[in-house]
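> Okay, structure incoming, though there's no sequence with it:
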């Protein structure tokens, strides 16, 4: 199959758009040239180009089809419509039997012709997040001015241009020319294939493979750091970004002015990263090193001396700005900033950050004794945890919220546990982040996430399949991870209800129909913070909905871990005396026990028997059910009926074992049902001809189902 190669060479493409653009190019080519069966598609992207190589069929083969039309006796209008549909004329028709028949023939199409026809169209509809126009008379847009189009098929140019009627398409047309490094090797050069293109550009100081550029950056910075017994702060996102900024990466090392080494290391790292795309380094013991790394896009003749000096000068100015905020912020106590939160909007429908601070203070106070934290410290930390949002440093670097609050709390001589909780209350922010472990930190972090969930659920801003703009799934997973990894014993539903009650001043209307031009679905009756309800509040439907949302997030997490997530759903829906178990640690222990039972032969056979019983009951209940009365022992006719009834009596302790959290014992008791239940189905005709026997046996099966449902809703198990 011939090789197809396409390069789109432009001015500098924003790093954040490059990978997605390469994926879009592959998708569009696969769609536009689908008739050529593209294979082995590979993409390339960098600061000034996106490219693609693929193998294509040598042509679209000729095809011949026969379409049956209307009857020969049909009205002329029917025949005319048929011809119009198939873009044919009457000369192509013939009569076959009682029908008109159309013979359609399409000639073969050379691959080059199809490429030349398809590529200009897909370039004009390329899905850049943002596009621009530039000088000339063309309406053609690109992310930055497009300069060259290299298009080859087995080494030969596929000729086409971007003209569209009177629009000249900036005069762009395909060729075999590309360009090397802007400074090291400017000017056009011809290429013959993808391999030749990559090798030619390497000679001209361009690495076309994004992964290779990232590897050169990471290994180069690590090597320079190791020469001074330092390590690079792990930052894959920065490596990716810098890999999209340079074509010929040359890592260099600069020195930080000692006058700024007393700044918090997080401030230094974020300032370097956000403003300059510099890499932070650490000493062997983990403290900030007096060096930074950066990546040049040229190989300097002087070894980088001028470039290093220039970047050091720029960094001094950046750090001077950071010091200004650092010194200014410490002139006011963190606690004095809390009233200013009343002027910072949390969400238009949920009031201010000041309202939220008061809710968090109360909620953290409720949670604290449940996680063995001091309520006074938890309330103090919760009240202060958002105060750094009104500091100059966080205003300049939002990434430092929480971190700066912790430093300012330490400066104000707040308790170290309070400072630690302020720093950690956003954690975990992602799946690889550590969770808080100190009790005060746990209380504040849980309060923050439960308040977030309660507020946005209250105004109907729930996650959908297409979006989660308020990161509620992340908040839910954060709650779950904090509980799981600290093995906390918490009844979540009352805490969720307290969080929900914090928004009782909001009146929520039913959501309007999607096409209705209705006003916002929520009307604040008062945005004054409300006192939170005691933990004895009965759960509302909203609290139950949030609990179910957390259970679903837990299922997703178990699925990602390869565990039996369906068992969790079955246990969560168990009819064991509580609406749903809201102690996640106990829920998981019970889930593991049920999964362990199902992994045995007794458990697997018991599940099969349960499904058989459930199917019979479902069918018979439609006829004359329900059959939920107690079975009458005097109507037992077969020994297997008596054995099953006695087994059910004997394992009546299952509920007590579950309440005592002896899940292994409960599963052992449940497994004892396997033999008598097998014997029942082997020896007893459930639908006996005698009505009273039939009803009694159905009631016995209902008792089996009811007993097992106390452990888990086995109907929810997959497989």
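Okay, I see it. Keep in mind that what you see is a predicted model, and the values were worked out from it rather than measured. Numbers count the residues shown, from 1 in each chain.

> make it CA atoms for all contacts and neighbour counts henceforth
OK.

> Mind giving me the packing neighbours of the host helix or strand of residue 571?
Using DSSP states H and E, residue 571 maps to helix 565-572. With contacts defined as 3 or more Cα pairs under 8 Å, 6 or more residues apart in numbering; DSSP states H and E, the packing partners of helix 565-572 are helix 541-560, helix 584-598.

> so the last one versus helix 565-572, what angle?
Just to be clear, that refers to helix 584-598. With axes from the mean of the first three to the mean of the last three Cα atoms, to 10 degrees applied, the angle from helix 584-598 to helix 565-572 works out at 120 degrees.

> tell me the contacts of the residue lying closest to residue 451 once chain neighbours are set aside?
Among residues not flanking residue 451 along the chain, residue 499 sits closest, at 5.4 Å (Cα to Cα, 6 or more residues apart in numbering). Neighbouring residues of residue 499 by Cα atoms under 8 Å, 6 or more residues apart in numbering: 359, 363, 447, 450, 451, 454, 532.

> any idea how far residue 499 lies from residue 74?
72 Å (Cα to Cα, to the nearest Å).

> go on, residue 586?
With Cα to Cα as the criterion, residue 586 and residue 74 are 74 Å apart.

> what do you get for residue 678?
67 Å.

> Could you give the average pLDDT over the helix holding residue 571?
What helix 565-572 shows for mean pLDDT is 86.

> Could you list the residues in contact with it?
551, 555-556, 558-559, 580-581, 587-588, 590-591, 594-595, 711-718.

> Filter those residues down to the buried ones, PyMOL style.
Applying 16 or more other Cα atoms under 10 Å to the contacts of helix 565-572, the buried members can be selected in PyMOL as follows:
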select buried, resi 551+555+558+580+581+587+588+590+591+594+595+711+712+713+714+717
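
> about what we covered before: any chance of CSV for the helices and strands packed on helix 565-572, columns mean pLDDT and distance to residue 207?
Shown next, in CSV, are the helices and strands packed on helix 565-572 (pLDDT from 0 to 100; distance: least, Cα to Cα, whole Å):
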stretch, mean pLDDT, distance to residue 207
helix 541-560, 90, 36
helix 584-598, 90, 50
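
> So residue 289: helix, strand or coil?
strand (DSSP: H, G, I helix; E, B strand; the rest coil).

> is it true that it touches residue 281?
Yes. Counting by Cα atoms under 8 Å, residue 289 does reach residue 281; the two are 5.5 Å apart.

> what touches both of these two?
residue 230.

> higher neighbour count, residue 586 and residue 74?
Each of residue 586 and residue 74 has its neighbours counted (other Cα atoms under 10 Å); residue 586 has more, 19 against 13.

> residue contacts, the more buried one?
Residue 586 sits in contact with 489, 661, where contact means Cα under 8 Å, 6+ apart.

> Would you quantify the distance from it to residue 244?
Residue 586 is 48 Å from residue 244, by Cα to Cα.

> How about residue 621?
In terms of Cα to Cα, residue 621 sits 65 Å off from residue 244.

> Does residue 68 belong to a helix, a strand or coil?
Quick answer, by three-state DSSP: residue 68 is strand.

> actually residue 4, not the one I typed
strand.

> What's the local residue count around it?
For residue 4, using other Cα under 10 Å, the count is 26.

> what's the residue lying closest to it once chain neighbours are set aside in contact with, if anything?
In this structure, residue 4 finds its nearest non-sequential neighbour in residue 153, 4.6 Å apart by Cα to Cα, 6+ apart. Residues near residue 153 by Cα under 8 Å, 6+ apart: 2, 3, 4, 5, 112.

> Since that was my last question, I'll sign off now.
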